[in-house]
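Student: Fold the following and give me the result.
(one chain, ligands or ions: 1)
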Amino acid sequence: MTCFTENNADLLIAYFEHTLPADERAAVEAHAAKCADCGGLLAAHALMSEAPAPVVSTDFDARLYARIREDQAKPWYVGMWHFSHWKFAIPVAAVAAMLAVGVFLSQPQPAIDTQTKAESIDVQQLEQALDDLELLTPLAEASNI
Ligand SMILES: [Zn+2]
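Tutor: Here you go, the predicted structure:
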């Protein structure tokens, strides 16, 4: 017999529904006794079958339908603030922000010739310093007299 885990779900479902003939049922149990995976499946199903079903209150249906009517009567925008609607927006916003940063950083930066700019400033400063010196020189000579 092939394993239940290898495309044999129909056989497993028939076993659980007790619709298998006795010989096939015995073959399934014989395989499950040798196979750890299938034996685990049968044991788990047996545990779930023995578990007691929870007691449902008598007015469960009435309360459920009342709540559904309440939710349907609410305006459409009330549900927009629920976190489940925004939990997908947060990763999308993060990815968009990363893309924006990536696009910004991949833009070619204008080449700044800092040496030329520094030289032009130095020339201007030198001219200004010479002009100041020319202005101050007559004053200095006059003050010595
Ligand atoms: Zn198996």
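Student: Checking the residue positioned nearest the centre of the chain next. Helix, strand or coil?
Tutor: Computing the C-alpha centroid of the chain and ranking residues by Cα atoms, centre = their mean puts residue 91 first, at 4.5 Å. Following DSSP: H, G, I helix; E, B strand; the rest coil, we place residue 91 in the helix state.
Student: For this structure, what lies in contact range of the ion?
Tutor: Applying the criterion Cβ under 5 Å from the ion, the portion of the chain that neighbours the ion consists of 3, 35, 38. To be clear about C-beta, it is placed using only N, CA and C from the backbone, and glycine gets the same treatment.
Student: Any idea how far the least confident helix or strand in the chain by mean pLDDT is from the middle of the chain?
Tutor: Here the helix or strand of the chain ranked lowest by mean pLDDT, DSSP states H and E is helix 83-86, holding a mean of 71. With Cα atoms, centre = their mean, to the nearest Å as the basis, the distance from the averaged C-alpha position of helix 83-86 to the chain average is 12 Å.
Student: Which elements pack onto that helix?
Tutor: Packed against helix 83-86 by the contact rule (3 or more Cβ pairs under 8 Å, 6 or more residues apart in numbering; DSSP states H and E) you find no helix or strand.
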